[in-house]
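1. A structural model of the following input is requested.
(2 chains)
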2 protein chains.
Amino acid sequence: MGSWRISAAKIQPRSNKAEADMETHLNNLTKPAGSLGRLEELAVKLAGMQGTPDVSHPAVLVFAGDHGVTEEGVSLYGQELTSLMVKNFVQGGAAINVLAKEIGASVTVTDIGVKGGPPAGAVSRKVKNGTGNIAVEAAMSVREAEKALNIGADTAAEAIEEGAKLIIPGDMGIGNTTVSSALIAAWTGADVNDMSGNGTGVTGAQLRLKQDVIRRAVGRISCTEPLDILAELGGLEHAAMAGAMIEAAGRKTPVLVDGFIASAAALAAEKLAPLSKEYFIFGHRSAEAGHGLALEMMGGEPLLDLQMRLGEGTGAAAAYPLVSMAAAVVREMAVFSDLGIDA
Amino acid sequence: MGSWRISAAKIQPRSNKAEADMETHLNNLTKPAGSLGRLEELAVKLAGMQGTPDVSHPAVLVFAGDHGVTEEGVSLYGQELTSLMVKNFVQGGAAINVLAKEIGASVTVTDIGVKGGPPAGAVSRKVKNGTGNIAVEAAMSVREAEKALNIGADTAAEAIEEGAKLIIPGDMGIGNTTVSSALIAAWTGADVNDMSGNGTGVTGAQLRLKQDVIRRAVGRISCTEPLDILAELGGLEHAAMAGAMIEAAGRKTPVLVDGFIASAAALAAEKLAPLSKEYFIFGHRSAEAGHGLALEMMGGEPLLDLQMRLGEGTGAAAAYPLVSMAAAVVREMAVFSDLGIDA
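-> Reported below is the predicted structural model:
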């Protein structure tokens, strides 16, 4: 078992020199300067991370966990759906499976804390049988949070050692928009009414109940250390995703961050290891209200805004082709001198 | 040689029944209702066009032509670059080649009106040696516009007969943002200052000159028939792209519309054959100021907004993976009853 702390200590900032060199290269390509817009921005950022951009063999790492807070009635679905959806991932029938296939990505499904027996076919690394109800108690102990962080880091390390040049952390866990809202509220200090959205579709009185639950959870804690906050309010999948992000950053591997849940995990990663955010590329702007605040805190501007609100890594997978195109432009486009023109 | 008029007469509206059936199917898939956002919207639209969504074997159809209006000094580059870029397309070194390869699309490059000899390797269907200077004269005769429309229709027909289930019309032609602005201004009645943007990078005095040129061009004409306006102000590539779009629509084949230039062509297609727009999917919101007006006129909302301003079909190619994902979701995702759940 690796240690997310060792990975965090290894993270280096992106290379300014490599980014400047990439800007020069992009300006020599056969197109008006800057005309590929954000694809050029991506190419520069990838160069800063990797030297030569290479995002081949993307790996989707889905972490699934349950949330005690569902007993408050914050979600349209019961916890049993988490386990059923893990089965669906393993069988290849979920949205993330379909999008991963479209982008040529591998999918690893890790049970980090699903309630009940390990779902067949998933990697079983259950830390505990779902978290505590954050409205009234800690989600997990600090030791459990550390364990989930390390499992996430290990999962990313394995994927990268098998050849993945980019990772997409994904999530499954009924109740995890509530938990993500609580984490983001705690870290941004934002008003809970601005933080929590409709999740899988809650509205009206149930939405007000959800906001009240988040307010109780955030109001309950007095700790300020990132790891303590993560343990108090987080999900096991948030901790594992954060660990995977920190590990990838330590290995100069870009992390394509999905929407609301993944951004709450990214914020956890950044709080635990501030340099990790240098390796984040934000895939999709979620329809969840609090997402914008988390993005603002990390200086992130998602590539897509398609009104998706599914999680699983789907928004990141949808954005992946753009990142791949940015790398391909660098690798394959002609320069003006190939056409006999002075740039 | 086909006739764009016959193709236009064949176009049928999308099927409401197929769209409603697709909505029902999407609600049975293993995800919260509506949570795939615009991917679901795309799936519904594709169903209306095609019955079963299938966007395999996309074909990029690039049309290249020159513009007499460049003699007014509206562009940073000279006409000779059009021919050099056609050579670049044929050699596979341009941005559209790289993005087409990423999405598995074929690329056909048609010389519809490049000044000078036919560039080696391009399909030579030159209607004339570049258009007239629209500031002072008609770009082409109505007969030439018809010829370019028919060549575009033929090109699309060939691609579709060879198996393309979606087409991406692309453009190359120094000066064609000026021409596109003139076309859109004529059709929307918008103020020229709101219409014309920076093209490949013109600013300050040159931008004011460009706006003045567009104003002179639009002010010069008094015709109101779409074909007459296209002949007076258009580019040969605009006419060919419009012909390709009309042909595709007549064959129930989705058209993925690129940015500013392609949207001016799409507006031409819609003016000539109003039902054609039912088959348009807009790929990318251009940084060009006038693009929004053209989109508004067609009720189009692009999938991407990445500050790209290159043309060639690149913005549409960048959006293609999303369209492909929408079709894959329909084809491959499990339904709730597969998991033993009542939807």
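2. Just list the residues touching the residue of the stretch 51-200 of chain A found nearest chain B, thanks.
-> Taking CB to the nearest CB as the measure, the point where the stretch 51-200 of chain A comes nearest chain B is A:Gly93, at 2.7 Å. For every residue, glycine as well, the C-beta is placed using N, CA and C. By CB atoms under 8 Å, 6 or more residues apart in numbering or on different chains, A:Gly93 lies in contact with B:30, B:332-334, B:338-339.
3. give me the subset of those residues touching chain A.
-> Contacts with chain A within these, counted by CB under 8 Å from any CB of the partner chain: B:30, B:332-334, B:338-339.
4. Could you single out the nearest of these to B:Asp154?
-> Nearest to B:Asp154, judged by CB to CB, of those is B:Glu332 at 34.9 Å.
5. Show me what from the stretch 1-150 of chain A comes close to chain B.
-> Taking CB under 8 Å from any CB as the test, the list of the stretch 1-150 of chain A residues beside chain B reads A:29-39, A:76, A:81, A:84-85, A:87-88, A:91-95, A:97-99, A:101-103.
6. now with 10 Å?
-> A:29-42, A:76-77, A:80-81, A:84-85, A:87-89, A:91-99, A:101-103 (CB under 10 Å from any CB of the partner chain).
7. Pull out the buried members of the residues you listed.
-> Under a neighbour-count criterion of 16 or more other CB atoms under 10 Å in any protein chain shown, the subset of these counted as buried comprises A:29-32, A:34-42, A:76-77, A:81, A:84-85, A:87-89, A:93-99, A:102-103.
8. Of the ones next to chain A among the contacts of A:Gly93 - the most surrounded one?
-> Neighbours here mean other CB atoms under 10 Å in any protein chain shown. Within the ones next to chain A among the contacts of A:Gly93, the largest count is held by B:Met333, at 24 neighbours.
9. What are the neighbouring residues in contact with the spatially closest residue to it that is not a sequence neighbour?
-> If you skip the residues right next to it in sequence, B:Met333 has B:Leu29 as its closest partner in space, 4.5 Å away by CB to CB, 6 or more residues apart in numbering or on different chains. If you count contacts by CB atoms under 10 Å, 6 or more residues apart in numbering or on different chains, B:Leu29 has them with A:93-95, A:98, B:35-36, B:40, B:43, B:329-330, B:332-336, B:338, B:343.
10. now do A:Lys165
-> Listed by CB under 10 Å, 6+ apart, the contact partners of A:Lys165 are A:46, A:50, A:53-59, A:159, A:252-254, A:327.
11. Filter these down to just the ones in strands.
-> Mapping these onto strands (DSSP state E) picks out A:Ala59.
12. between the contacts of A:Lys165, which is closest to A:Glu144?
-> Distance to A:Glu144 across the contacts of A:Lys165 (CB to CB) is lowest for A:Ala159, with 23.0 Å.
13. pretty sure the closest one is touching A:Val123, no?
-> No - counting by CB atoms under 10 Å, A:Ala159 does not reach A:Val123; the two are 11.5 Å apart.
14. Pull the most distant pair out of the ones next to chain A among the contacts of A:Gly93.
-> Farthest-apart pair in these is B:Glu332 and B:Leu339; separation 15.1 Å (CB to CB).
15. Which secondary structure state does the most centrally placed residue in chain A sit in?
-> Nearest to the centroid of the C-alpha atoms of chain A, with distances taken as CA atoms, centre = their mean, sits A:Ala262, at 3.2 Å. Classification of A:Ala262 into helix, strand or coil gives helix, according to DSSP: H, G, I helix; E, B strand; the rest coil.
16. List the contacts of it.
-> For A:Ala262, the residues meeting the contact criterion (CB under 10 Å, 6+ apart) are A:168-171, A:180, A:237-238, A:241-242, A:245, A:255-256, A:269, A:280, A:282-284, A:286, A:291, A:294, A:311-313, A:315-316.
17. now the strands for chain A?
-> A:59-65, A:106-113, A:123-124, A:167-172, A:255-257, A:280-282.
18. mind putting these in TSV, mean neighbour count included?
-> Rendered in TSV, the data for the strands of chain A read as follows (neighbours: other CB atoms under 10 Å in any protein chain shown):
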stretch	mean neighbour count
strand A:59-65	30
strand A:106-113	25
strand A:123-124	16
strand A:167-172	32
strand A:255-257	31
strand A:280-282	25
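19. Lowest average pLDDT across those?
-> Set side by side, these show their lowest mean pLDDT on strand A:123-124, which sits at a mean of 92.
20. circling back: can you pull the residues that touch both of A:Ala159 and A:Val123?
-> A:61, A:108.
21. List the contacts of the closest residue to A:Pro118 other than its chain neighbours.
-> The shortest distance from A:Pro118 to any residue that is not its chain neighbour, by CB to CB, 6+ apart, is 3.8 Å, and that residue is A:Ser124. With CB under 10 Å, 6+ apart as the criterion, the residues that contact A:Ser124 are A:110-112, A:114, A:117-118.
22. got a list of what the residue of the stretch 201-343 of chain A found nearest chain B touches?
-> Taking CB to the nearest CB, chain B has its nearest neighbour within the stretch 201-343 of chain A at A:Ala334, 2.7 Å off. Counting by CB under 10 Å, 6+ apart, A:Ala334 touches A:28-31, B:85, B:87-88, B:91-95, B:97-98.
23. residues touching the residue lying closest to A:Ser141 once chain neighbours are set aside, list them.
-> In this structure, A:Ser141 finds its nearest non-sequential neighbour in A:Ala231, 6.2 Å apart by CB to CB, 6+ apart. Counting by CB under 10 Å, 6+ apart, A:Ala231 touches A:131-132, A:138-146, A:148, A:221, A:223, A:225, A:239.
24. repeat that for 6 Å
-> Contacts were defined as CB atoms under 6 Å, 6 or more residues apart in numbering or on different chains; by that measure A:Ala231 touches A:140, A:142, A:145.
25. Equivalent analysis for A:Lys87, please.
-> A:Lys87 sits in contact with A:Pro119, where contact means CB under 6 Å, 6+ apart.
26. now with 10 Å?
-> Taking CB under 10 Å, 6+ apart, one finds A:93-94, A:109, A:119-122, B:334, B:338-340 in contact with A:Lys87.
27. Dump those residues into JSON lines; add distance to B:Glu72 as well.
-> Below are the contacts of A:Lys87 laid out as JSON lines (distance: CB to CB, whole Å):
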{"residue": "A:Gly93", "distance to B:Glu72": "59"}
{"residue": "A:Ala94", "distance to B:Glu72": "56"}
{"residue": "A:Val109", "distance to B:Glu72": "61"}
{"residue": "A:Pro119", "distance to B:Glu72": "68"}
{"residue": "A:Ala120", "distance to B:Glu72": "70"}
{"residue": "A:Gly121", "distance to B:Glu72": "66"}
{"residue": "A:Ala122", "distance to B:Glu72": "66"}
{"residue": "B:Ala334", "distance to B:Glu72": "59"}
{"residue": "B:Asp338", "distance to B:Glu72": "63"}
{"residue": "B:Leu339", "distance to B:Glu72": "65"}
{"residue": "B:Gly340", "distance to B:Glu72": "69"}
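28. Out of these, which one has the weakest pLDDT?
-> Lowest-confidence member of the contacts of A:Lys87: A:Pro119, scoring 78 (pLDDT).
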